[in-house]
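A.B. asks: Got a predicted structure here, sequence first:
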Amino acid sequence: MERGRAPPLHWMGPWILCLLPALVAGQPLAAGDVAYKEQTVTGVRGRAVELSCGPAAASAAPSVVFWSFTGSGPPRAVAVGSGGEVVVAPGAGTLGRVTLRNGTLELRELRAAAQGRFLCQGLFPERGRLRVGYATVLLRVLVPVSKPFVRPTAAVAPEGAAVALTCAVREGTEPLSFSWQHREPRGGPSASPAGLGGSGAELRLTPANRSHAGWYACTVHNEVNNHTSEPVYLDIIYGPDEPAISVEPFSPEQGGFSAGEREDVVLSCLAPSNPPSRYVWLHNGSQVHTGQTYVIAAIARAQAGTYTCLAENTHLHTRTQATIVLTVYYPPAGSPSCSALATGDLRDVALRCRWLGGFPPARLRWVGPQEEEEEEEEEEEGVMGSSFSMAASIQPGAATRNGSSFSCLASHPALPQGAACGTTLWVPAGGPSCVAAATKGNEYVMLRCRWEGGTPPVTLRWHDGGGQAVGDPAPSATVLVLSADGSLGGREFVCAAAHPLRAAGAECRLRLGKPDRPHVPSLCRSGVARPRQLRPPASCRAEVPELEAERSEVAVLEGSEARLACRQRGGGADLGAAVAWYNAKEREVTPGLAKYWLERGEAWVNLTIRDAEWPGDGGIYRCAAANAVGSASLPVRLRVDRYPAPPNVTISKLRYTRARTEVWLEWRTQGTGNLTGFVVQRRQAKKPPRRVPGPWETAAGDIEPHSRDRRLGGLDPAVVYAFRVLAVNHRTAGHPSEVQTPAEPPFKAYPAVMGAAVVGMLVATVASFLAVRCVARHRDALPRLHDLLFRTAGPGAQEPIGTPEDAETAASREDGAAPAPEEPAAPGAAAGALPPLAEPLSAPPDTTDDQPVNVTITVTATP
């Protein structure tokens, strides 16, 4: 109680007005001079407010002042002051901490209950008299805004759904104004979510999209203060959108992308999604990688095809996919080859450039010689049109200088530097040389004309003395075989030579002389030949070509290259014999075939079989040569062996995943053997009746030899598939495994159910044991339950002894000492005796009249 505080003023109220004259007894009072004052004051809860009493013109504090409060109930006193004495009513603490000084009522730590009407009544001294003053103060208590909080209808919502956020405050004087702030998920300045539905305390996102994700906070304002809530995160689930696939190095083409063989290719996939997408890569429908980026190191031509990026939102269980076509470029084998042939009646030169194979075919173009003079450069530079795989150009011989060089430039997407070959057109020096020789036991005469060298080679042709052509034209060397008879004597033969770069032709002549004996040819020389001996010299004799092979039998493994070598030997090599190879199917091997590669020398021809296959490429190959005298053939056997069979494979596990769009496959190998990989095949297991099962298709290839499991995707949940696994040793496939269909995924809750059952049984057992033990120890407290569990004998049996006290009681009964009776016992009833039986239940035939004897056995247990 404050200093000078009187006892509680329960009786003070409006009656204090009646006491005011007594309080100022002896002082004149101007009864008709009364001042009234009304005002409105605003206060804030928890803060201080001052309420003044009396007119504003009053210069002195009132002599007596009385403050009362009228709220929702009847008026009640607050404080009374007279001079220096102040009395505060006991119930005034509900309004705040009340102090009265000089008639002014100060409310500190203002409470909300103080809102209402305060009435002040006081006596103010004025010019020696007392003046009555009344003041009415309407106090309005403002409550500050508490810290708001945001309540979303859903913390995580799918894109397109309706979401509302509500800003709530526990207290605060209205009117309240609300403002919202939105910050992106990855930070950044807060901004008002302009354009969003709703206003005030509720913010509506209808429909919600991915731009609405982020942190939301609301700020509440009123007359007193403003407060901002803690940010609340709203997560919008969306996607995945359609994936975008990028390829590095970037080389787009019509319908897809391209890459060079042995080049590192990086495939990246981006499908906006929340949560982030799970990416799976498929090559030609088979899963090859899991992740956003797929790196193909040193890509091979077998890895060309379609690549599909499958993006999955694991929260929404939605999928999207995108597919591209990746083309692998690879150049032709070897290098381009250039050649020059005489054409156009031996007046022009046909330039030919060939480079077969590759994908796409190589682009070839001819470039002529570079001249110093600008005029001649425009005429002779000779840049011809380009073509693929083969390029040809006709160069006029008269306009081409001897020694002019031409180049064939080859370009290919897989060759940054390109390739080139060239040829130089030139005329050999000298002229043709003619010789004659007897062959085959002097039965024939062979005329041979030779002029080697030059590009293109010199074209030679035989004519008789009358200028009529004999035989076919041939480059560099030509042979004419005539029957040796008397008509040849004295005849003249001319070998004419022509070259496109030479305006005038050249020739050599042979005149056959008459022999002394029939069928004896002349000597071999240019000009007129005279016989001097019966047999010509060995150097002038012509023979059938002789062939020899490097090996008569060649053995290679499947997929390797086989090289067959054949060459001529002896004098037949000088007769311009044509050597050719024939494959196992007796078809001539010509240049330009992708399967074969021919290498030619002056007296040898090598045949290379690429990518030997079993058993198609095995067999007898034949090297054949023919000249004017005859022909020869040499067989060479090619044996293509298969790689050893790999070990057998057994499927150990094949199960669906939950979505039935993927299976998990595990296998193991049996036996020994080399292997280079595995192949998984699949087909539909169930077919309509009377339909043959479809062919096996490859579900996964190029599996590493150390792998023993695989996840296969791209399955239709409505189709039942059958799978099998094969081991591969290079190109030799092993025996396929047994065919199995995927099993359903296991019930993973079974161990938990069994564990819970076992734990429940253990808990029940322990609880039962403790309950029985408790009943046994507290017999007196639970007699009925004790008798129900432990008393199993009939009504005439002795009560079992369970405790030492029971044993002592039984002993005392045996000695005849009865316990202290609580009630009078029935007469004639012994303390420990049992009631006699009325009669036996069944008596034997010799039953006597003796009464039955009851025997009591007492056991005393001592601790």
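C.D. replies: Alright, I've got the coordinates. What you are looking at is a predicted structure, and each value in this text was computed from that prediction instead of being measured. Numbers count the residues shown, from 1 in each chain.
A.B. asks: hey, where'd the strands end up in the stretch 651-800 of the chain?
C.D. replies: Ranges of strands in the stretch 651-800 of the chain, per DSSP state E, counting those that start in this stretch, are 663-670, 677-684, 697-703, 709-712, 721-729, 732-733.
A.B. asks: Can you say which of these is nearest to Leu310?
C.D. replies: For Leu310, the closest of the strands of the stretch 651-800 of the chain is strand 709-712, at 12.6 Å, according to CB to CB. Quick note: C-beta positions are derived from backbone N, CA and C, even for glycine.
A.B. asks: mean confidence for the closest one?
C.D. replies: For strand 709-712, mean pLDDT is 90.
A.B. asks: can you list contacts of it?
C.D. replies: Strand 709-712 is contacted by residues 286-287, 653, 662-667, 680, 682, 699-700, 703, 723 when judged by CB atoms under 8 Å, 6 or more residues apart in numbering.
A.B. asks: Which among those residues count as buried?
C.D. replies: Ser286, Gln287, Glu662, Val663, Leu665, Trp667, Val680, Arg682, Ala699, Ala700, Ile703, Phe723 (16 or more other CB atoms under 10 Å).
A.B. asks: any idea which helix or strand comes after whichever strand or helix holds Ala410?
C.D. replies: For Ala410, the host element (DSSP states H and E) is strand 404-412. Tracing the chain past strand 404-412, the next element assigned as helix or strand by DSSP H and E is strand 415-425.
A.B. asks: just to revisit the earlier point, now compare the contacts of strand 709-712 and name the two farthest from each other.
C.D. replies: Checking these with CB to CB, the most distant pair is Ser286 and Lys653, at 19.2 Å.
A.B. asks: Contact partners for Arg724?
C.D. replies: So Arg724 contacts Ile651, Val680, Gln681, Arg682, Trp696, Pro736, Ser737, Glu738, Val739, Gln740 (CB under 8 Å, 6+ apart).
A.B. asks: Just give me the closest of those residues to Arg262.
C.D. replies: When these are compared against Arg262 (criterion: CB to CB), the nearest one is Val680, at 27.1 Å.
A.B. asks: List the beta-bridge partners for that closest one.
C.D. replies: Note on Val680: beta-bridge partners by DSSP bridges are Ala700, Val725.
A.B. asks: so it makes contact with Ala727?
C.D. replies: No: Val680 is beyond contact range of Ala727, at 11.0 Å (criterion: CB atoms under 8 Å).
A.B. asks: before we move on, back to that, now do the strand holding Ala410: which elements does it pack against?
C.D. replies: strand 337-343, strand 348-354, strand 363-367, strand 390-396, strand 415-425 (3 or more CB pairs under 8 Å, 6 or more residues apart in numbering; DSSP states H and E).
A.B. asks: Now do that strand: everything it contacts.
C.D. replies: Here strand 404-412 has contacts from 329, 331-332, 335-336, 338, 340, 351, 353, 355, 358, 360, 362-369, 380, 382, 391, 393, 395, 418-425, using CB under 8 Å, 6+ apart.
A.B. asks: And for stretch 415-428?
C.D. replies: Residues contacting stretch 415-428 (CB under 8 Å, 6+ apart): 331, 335-340, 349, 351, 353, 355, 362, 395, 400, 402-412, 451-456, 458, 499-502.
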